[in-house]
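**Q** Have a look; sequence and predicted model below, questions after that.
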Amino acid sequence: MIKQQCLAYDGGHAVWFPATAIAIQAHILKGNAMSEIRLECQGLPCPQPVLKCKNAIEKSRPTQLIAVVDNDAAKENVSRFLTMQGYACTTETNGSEFVITAVEKTGDTADCAPCVSAPSSAGSQKILVFLGADVVGSGDDVLGGRLMTSFLLTLKEMGNDLWRIVMLNGGVRLSVEGNACLKAIRDLETTGVSVLVCGTCLEHFGLSGKNEVGQVTNMLDIVTSFQLATKVIRV
């Protein structure tokens, strides 16, 4: 449920008014008004908290947006999205919930980077590599792990056409310390390849905050990446 209010100054005192056209119009005349939207996002699966923020911004571009979430992945995803949209974010913990307060920075707006970013290279394609597991194939995980390492080391042969690597489900294990593939992925990222790591998946495996490579992301960014890619390779 979206609750919208308007903060206005009446006789030198700050007063909250329902964000109806009449209330806003009447009190803007008496002082400066600041719109606020509060979003209750507890219990929503990824990427619904981000989508609620996106819809609220597109609809009314509030000066201040408060989003309440109840897990680390949503906290990171919402904070990053709002920051990329030109808001300064602070987070407070309230029991098991996180209250994210975002205040618009004047004249500073931007689109979410993973959603719109394109390779800076002159590659003729934008190839996306989708890693849904930390091994290649099935039958023997030891062999599958060796094959994954070999595959990632060979990706550099794509040159500038390799645009983005997306890790979901068990694939996020490739991004943590101790995995044999970590160095290969880090080397690719150093050359300019974008790496996205599913935040919900990290949380599921108890790996939140432990990825050593890539940007923690959400399903909105991942779906948009598929849309922007010219070719998708699934391993």
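**A** Sure thing, it's come through. Residues are numbered from 1 along each chain as shown.
**Q** lowest average confidence, helix or strand, in the chain?
**A** helix 21-28 (a mean of 36; mean pLDDT, DSSP states H and E).
**Q** And the next helix or strand past that helix?
**A** strand 34-40 (DSSP states H and E).
**Q** Whichever helix or strand comes after that next one to strand 34-40, inter-axis angle?
**A** Sequence order places helix 48-60 as the next helix or strand after strand 34-40, per DSSP H and E. Relative orientation of helix 48-60 and strand 34-40, computed by axes from the mean of the first three to the mean of the last three C-alpha atoms, to 10 degrees: 150 degrees.
**Q** residue boundaries of the helices in this structure?
**A** For the chain, the helices defined by DSSP state H cover 21-28, 48-60, 72-84, 113-116, 141-154, 182-190, 199-204, 219-228.
**Q** Those helices into a markdown table, with extra columns for distance to residue 168 and mean neighbour count?
**A** For the C-beta atoms, the positions are set from N, CA and C on the backbone; glycine is no exception. Putting the helices of the chain into a markdown table (distance: least, C-beta to C-beta, whole Å; neighbours: other C-beta atoms under 10 Å) gives the following:
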| stretch | distance to residue 168 | mean neighbour count |
| --- | --- | --- |
| helix 21-28 | 43 | 13 |
| helix 48-60 | 16 | 18 |
| helix 72-84 | 13 | 22 |
| helix 113-116 | 14 | 17 |
| helix 141-154 | 14 | 15 |
| helix 182-190 | 14 | 17 |
| helix 199-204 | 6 | 22 |
| helix 219-228 | 7 | 17 |
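**Q** Would you check how far apart the closest residue to residue 145 other than its chain neighbours and residue 212 are?
**A** Residue nearest to residue 145 in three dimensions, not counting chain neighbours: residue 135, with 5.2 Å by C-beta to C-beta, 6 or more residues apart in numbering. Look at residue 135 and residue 212: by C-beta to C-beta, to the nearest Å, they are 19 Å apart.
**Q** just to revisit the earlier point, if you tally nearby residues, what's the number for the residue nearest to residue 145?
**A** Residues contacting residue 135 under the criterion other C-beta atoms under 10 Å number 23.
**Q** what's the answer for residue 44, then?
**A** 17.
**Q** I'd say it and residue 53 touch.
**A** No - contact criterion C-beta atoms under 8 Å: residue 44 and residue 53 do not qualify, at 11.1 Å.
**Q** Low-confidence ranges, this protein, go.
**A** 1-34, 107-123 (pLDDT under 70).
**Q** Could you list which residues are in contact with the residue nearest to residue 145?
**A** 141, 144-145, 147-148, 170 (C-beta atoms under 8 Å, 6 or more residues apart in numbering).
**Q** Out of these, which is nearest to residue 99?
**A** Using C-beta to C-beta, residue 170 is the member of the contacts of residue 135 that lies nearest residue 99, at 32.2 Å.
**Q** and the gap between the closest one and residue 43?
**A** Counting by C-beta to C-beta, the gap from residue 170 to residue 43 is 25 Å.
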